[in-house]
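Visitor: Got a predicted structure plus its sequence, pasted below:
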Amino acid sequence: MPLSAAKPGLQSAIEAAFQLVKTSGEEDGADPDAIIAQLAADLTTAIDDYTTSALVITDPGQMCATVVVTAGSPSAQAGTGTGSTSASGTGSLT
């Protein structure tokens, strides 16, 4: 999906994280370090969910670099090369 479609979910998750901080901070004996750690974890999850929801589309002819390594013989070789995609493709961020 385009990231614009995931933006409302990101905003909701961030708002929920801050509401939890507010509620947790109002409690007697609240632990500021624990609240900050939870906020950081919640924001990390929200941002990760947002960015990994992206759909990546490539067009034919996109340049790419390749590393090739052979092994298993006394004359093992390593090298690099360049090429281009031959077809369009879709994928997601992980």
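Guide: Sure, I can see it.

Visitor: Spell out the residue ranges of the strands in the chain.
Guide: 55-58, 63-69, 78-84, 89-92 (DSSP state E).

Visitor: Turn those strands into TSV, including distance to residue 38.
Guide: (Each C-beta comes from the backbone N, C-alpha and C, glycine too.) As requested, these are exported to TSV (distance: least, CB to CB, whole Å):
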stretch	distance to residue 38
strand 55-58	31
strand 63-69	41
strand 78-84	45
strand 89-92	28
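
Visitor: can you count the residues close to residue 17?
Guide: By other CB atoms under 10 Å, the residues close to residue 17 number 19.

Visitor: Distance of it relative to residue 36?
Guide: Per CB to CB, to the nearest Å, residue 17 is found 11 Å from residue 36.

Visitor: shared neighbours, the two?
Guide: Both residue 17 and residue 36 lack any common contact, where contact means CB atoms under 8 Å, 6 or more residues apart in numbering.

Visitor: Surely residue 66 touches residue 83?
Guide: Yes - counting by CB atoms under 8 Å, residue 66 touches residue 83, with 6.3 Å between them.

Visitor: what's near enough to touch the closest residue to residue 45 other than its chain neighbours?
Guide: Sequence neighbours aside, residue 13 is the residue nearest to residue 45 in space, at 7.2 Å (criterion: CB to CB, 6 or more residues apart in numbering). Counting by CB under 8 Å, 6+ apart, residue 13 touches 42, 45-46, 49-50.

Visitor: If you rank those by neighbours, which is first?
Guide: Comparing the contacts of residue 13 by number of neighbours (other CB under 10 Å), residue 46 comes first, having 19 neighbours.

Visitor: Next, the contact list for it, please.
Guide: 10, 13-14, 17.

Visitor: For my notes, please list the contacts of residue 13 in a markdown table and give distance to residue 78 and pLDDT for each entry.
Guide: As requested, those are exported to a markdown table (distance: CB to CB, whole Å; pLDDT from 0 to 100):
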| residue | distance to residue 78 | pLDDT |
| --- | --- | --- |
| 42 | 43 | 97 |
| 45 | 39 | 96 |
| 46 | 41 | 96 |
| 49 | 38 | 93 |
| 50 | 37 | 93 |
